[in-house]
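Trainee: fold the stuff below for me.
(2 chains)
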Amino acid sequence: MPVESAKVDIKTDDPRRQGSMMRIEAIIQPSRFESVKEALHQIGVEGMTVSEVRGHGRQKGHTETYRGREYEVDLLPKIKIEMVLPVNLVDAAVQTILKTARTGKIGDGKIFLSRVDEAIRIRDEERGEAAL
Amino acid sequence: MVIPPTLSTVLRDFYADEFARIERDFRAASDGRAAIRERTALLDRIVLELGRELLGAPGKLKGICLVPLGGYGRRELFPHSDVDLMFLWANSSTERQYREAAQALVRGLWDLRLRVSPTYRSVAECENFERDNPEFNIAVLDSRYLDGDEEVFERLRNKALPRMIGAAWRDLVTDLAELTRQRHKKEGDTIFHLEPNVKNSPGGLRDYHVAWWLGLISRMQKEGKWATHEDIWPSSSRKEMESAFAFLAAARCFLHYRQGRDDNSLSYELQAAAAARGVGVENGRAVEPADWMRIYFRHARAVYTLCTQLLDESTPAPATLRTRLRRTWRRADSGFSIAGTRLSVLEPGGLRNPQRVMDVFLYVAKNGIRVSREAEDQVREALPHAFPSGATLTQLWTKLRQILLAPHAAEALRAMHSAGLLVRLFPEFGAIDSLVVRDYYHHYTVDAHSFMTIQNVHVLRNTRENWEAPFATLFSEVEEPELLFVSLLFHDVGKGMSLEDHVAGSLQAIENVFARLDLSSEQKDTIRFLVRDHLLMSANLLRRDIFDPETIRVFAEQVGTPERLKLLCLLTYADIRAVNPDALTPWKAESLWQLYVQTANYLTRSVDEERVGTDASDVQFVDRILPLVGGIAPRGELAAFLEGLPRRYVFAHSAEEIGAHFHMARNLKEGGVQLRIENRGRMYALTLLAKDRPFLFAGVSGTLAAWGMDIWKAEAFANSAGIVVDTFHFTDPHRTLELNPSELERLQKNLEDVLTGAVPRDTLLRGRASAQFKSKPKISVPTQIRFDDNSSPHSTLMEIVTQDRAGLLFHLSSTLANFGCNIEVALIDTEGQRALDTFYLTFGGAKLSADTEERLRARLLAEQ
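Mentor: Numbering: from 1, shown residues only, chains lettered A, B, ... in the order given. Below is the predicted model:
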């Protein structure tokens, strides 16, 4: 499916999502991280949490033999990016990640979306979208 | 007792006006020392006024005196520092007389919004060491007379305190050392902080004062008198320390005025503001923040060095006689001694000999003992005589190499840098002295980073974490680690040059360094590669899919040989780890290792496929070598020699070596061989050129085994014309060749005879085979044989891992030849007790069938 038509089905008029924030969790190839980060900054996403993780989906690991010793490479290195955004920015963020993280090969990663009920800034206890 | 409101108001206004004036003067001149002296004088006037009002007129006070302590006592009151003031009584009677007035005076100061820390003591009390109050014991060292009964102060300063120090100097120093070490530890034992605290960070004002107090205590304990600013430290340190203090004082004043409180943290933004104001800079000129921090780190380094040196020298030896004798002094070698934890030079005159100077640091590198302050001064003084400008040090590389390979090399290099020797030897290094890379990622100055990279490699000898273990193994396999260390030392010097690309600058610098080191052309090529491509592996790690075969292929081509790959991997490991303490996460290290393994396997498994052809990229190889063959042959002949050889061959050998091989090939006669054996120090290198025929490889390996030689590495290649280029690296454990140099010629003759068939192979081997013995294996290595039909389009790859033993390679290659296999390529390596051999084989001119593979496996296992 071409990237442009793979629009994320977020119905912002869905009463269950009115005024809500959404959490985006994206697991991507480490080699794509800098491009994804830069592209997200360009569309106005500034806050994110980045973790170095390991895992696999269909891209299973393998056994590597080196100088007579075997090394299991079953969990592959990935980067996990997490961010909480106002729902009106989610579409753009997801499209951006899809566009910049994709290589077309198995192992490109996944994006998960979930609803966030509340956000609170620790410094001044600001709540809701204003805290983002 | 109360202060009259009018006096309180007058003093408040006076203080505010004067405070503002001092601040204006500071803003104009950035003179921190002047500012703190003036604030001290301001407080003196206020305290005197209050004292006159509450205690009595000057000259009339008996049995009490006002004694500033700590920073106030030193006349170093920073804009928002606390005021430490002691009310000193002659006895309890005067205490009763003046206590209330003294407290009223303190309240008066509080009312002026001054943070006063009052202390009330009698002279007799000051003679006692307060075990639970180390801060007071230290603060009172900086006492001075302000007002009151001078005789009382004289008893304090000239009797009570000297007695206290005389009786308790060990405890004083121990407490001071402990407080300092705790503070340093809390700050990571490093001066390198992105946002240092100018007071408490290592190398900051507190360390300056620690050095000051240690000087005071030492002078009083040894000579019974108070040291002064002029004689507290040797003249060689004094100037540096005064300059550091002037800068740090200016920085702290700037922070206090800017923040409006006693906040000593140099945040990122405040660094930029201070730099823009030229705080502490000569003539107050504005500089770039990175340059301003460079000045800061230079001063911090000087202060930290002296502070830690004095702490090491001053910390008392343990009380028992035995430990005291063992620790205080022992002779290190004929010219050095160890006192406490520092090395001293017994014969400073000998330092005019440059070799002797290098020996000082070689000792440090081997033993991790630091150089004493005195020894460092002696080295610094000797430098112009030992290393006159423009002179080269013969055997510099020999000594430097020993230093770089020793376990405490980084410590030695730091000491050499501190003494001025490193820049004397390599002026290129001066470009990165205290150079700051100003971002949130790089914690260390560039010179400190370079030393840290070398330390990171040596520390692999004592790994504790699982993820460090593979790199520790890699370090043990590297053939010439000194090349790695030279590369690490100079890889970033380009950052100190005004060039767009620091790599170009580093390469330029390294060419100048080569002029002073006795390195072979291959060694220089390796260092050039490491410096030029020191970011290559990390770039692949972070920006490429390391599990994409194309990424591996391209990277492997850029690296060229397994040995270079090992060096580059270790360099990358050390470089990332030295950016900041958290830069190399286990995640990143594991990814680096995975990239290494895949690339190493590719280099081994692609040898047969990646061969020199007639591509434009291969033409460069011919161009590189053509000038070296002296015009003896047309270009086409050289190209024909190279065609078909694995690309690995041209990466693994220098242009000079390949030129020499070409000459040997041209001199080949029908049925003959061309042999050359060279002594390369740790190993011998044998090169064979011959027309390919069966049992060639077995013939060489068997003859070497028969002579008792131990083959560590070998490579066997052939070009399209069927000319074999085989190289063997071997050691001579029985020292046959070393003790009987003429045997080298006989060995060469034997080899030629065996290979040409003049002597039956079995005859020679039968006589000597029984004489072979190796030490009993410490570990048992089971034999593993793996076949791979996919790595090469032409041949079958066979990897065999087995117990290394005398004659192994001969047996393996003979078995292969007897079986009917042709060895297209052989890559032989040894790792401790493990033989790691890779053969690209054909059978009947084609790959081995599955059945042939199994029969061969069975044959090999049967003969193990």
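
Trainee: where's B:Gly166 relative to B:Leu69, distance?
Mentor: Distance from B:Gly166 to B:Leu69, counting by CB to CB, to the nearest Å: 20 Å. (Each C-beta comes from the backbone N, C-alpha and C, glycine too.)

Trainee: buried set for stretch B:178-197?
Mentor: Using 16 or more other CB atoms under 10 Å in any protein chain shown as the test for burial, stretch B:178-197 gives B:180, B:183-184, B:187, B:190-194, B:196-197.

Trainee: on that earlier part again, which residue of B:Gly166 and B:Leu69 possesses the greater neighbour count?
Mentor: Shown here are B:Gly166 and B:Leu69; by other CB atoms under 10 Å in any protein chain shown, B:Leu69 has more neighbours (23 against 11).

Trainee: quickly note the distance from the more buried one to chain A.
Mentor: Noted for B:Leu69: a distance of 39 Å to chain A, by CB to the nearest CB, to the nearest Å.

Trainee: residues in chain A within reach of chain B, list them.
Mentor: Counting by CB under 8 Å from any CB of the partner chain, chain A comes close to chain B at A:29-31, A:33-34, A:52-54, A:64-68, A:71, A:73, A:76-77, A:103, A:105, A:107.

Trainee: narrow the residues you listed to those in strands?
Mentor: Using DSSP state E, A:52-54, A:64-66, A:71, A:73, A:76-77 are the members of those that sit in strands.

Trainee: OK, contacts around residue 48?
Mentor: In the absence of a named chain, chain A is used. A:37, A:40, A:81-83 (CB atoms under 8 Å, 6 or more residues apart in numbering or on different chains).

Trainee: ah, no, chain B please
Mentor: B:Leu48 is in contact with B:58, B:146-147, counting by CB under 8 Å, 6+ apart.

Trainee: filter these down to the buried ones, ChimeraX style.
Mentor: To isolate in ChimeraX the members of the contacts of B:Leu48 that are buried, counting by 16+ other CB under 10 Å, one can use:
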select /B:146,147
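
Trainee: out of the contacts of B:Leu48, which is nearest to chain A?
Mentor: Nearest to chain A, judged by CB to the nearest CB, of the contacts of B:Leu48 is B:Leu146 at 45.2 Å.

Trainee: pretty sure that closest one contacts B:Pro68?
Mentor: Yes. Taking contacts as CB atoms under 8 Å, B:Leu146 lies within contact range of B:Pro68: 5.5 Å.

Trainee: shared neighbours of these two, which are they?
Mentor: Common contacts of B:Leu146 and B:Pro68 (CB under 8 Å, 6+ apart): B:Asp44.

Trainee: leaving out chain neighbours, which residue sits closest to whichever residue of chain A sits closest to chain B?
Mentor: Nearest residue of chain A to chain B (CB to the nearest CB) works out as A:Gly68 at 3.1 Å. Nearest residue to A:Gly68 in three dimensions, chain neighbours excluded: B:Val801, at 3.1 Å (CB to CB, 6 or more residues apart in numbering or on different chains).

Trainee: next, count neighbours for that neighbour.
Mentor: If you count neighbours by other CB under 10 Å, B:Val801 ends up with 21.

Trainee: ok but it is inside a strand, no?
Mentor: Yes. Looking at B:Val801 with DSSP: H, G, I helix; E, B strand; the rest coil, it is inside a strand.

Trainee: got a list of what it touches?
Mentor: By CB under 8 Å, 6+ apart, B:Val801 lies in contact with A:67-68, B:781, B:783-784, B:834-837.

Trainee: now do B:Asp575
Mentor: Counting by CB under 8 Å, 6+ apart, B:Asp575 touches B:453, B:488, B:491, B:534, B:538.

Trainee: buried set for the longest helix that chain A contains?
Mentor: With secondary structure taken from DSSP state H, chain A has its longest helix at helix A:87-101. By 16+ other CB under 10 Å, the buried positions in helix A:87-101 come out as A:87, A:89-91, A:93-98, A:100-101.

Trainee: C-alpha coordinates for that helix, PDB please?
Mentor: C-alpha atoms of helix A:87-101 as PDB (Å, rounded to 0.1, in the frame of the first residue of the first chain):
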ATOM      1  CA  VAL A  87      -4.700  14.100  19.100                       C
ATOM      2  CA  ASN A  88      -4.600  16.600  16.300                       C
ATOM      3  CA  LEU A  89      -0.900  16.100  15.900                       C
ATOM      4  CA  VAL A  90      -1.000  12.300  15.900                       C
ATOM      5  CA  ASP A  91      -1.800  11.800  12.300                       C
ATOM      6  CA  ALA A  92       1.100  13.900  11.100                       C
ATOM      7  CA  ALA A  93       3.500  12.200  13.500                       C
ATOM      8  CA  VAL A  94       2.500   8.700  12.500                       C
ATOM      9  CA  GLN A  95       2.800   9.600   8.800                       C
ATOM     10  CA  THR A  96       6.200  11.100   9.400                       C
ATOM     11  CA  ILE A  97       7.400   8.000  11.200                       C
ATOM     12  CA  LEU A  98       6.000   5.800   8.500                       C
ATOM     13  CA  LYS A  99       7.700   7.800   5.800                       C
ATOM     14  CA  THR A 100      11.100   8.100   7.400                       C
ATOM     15  CA  ALA A 101      11.500   4.800   9.200                       C
END
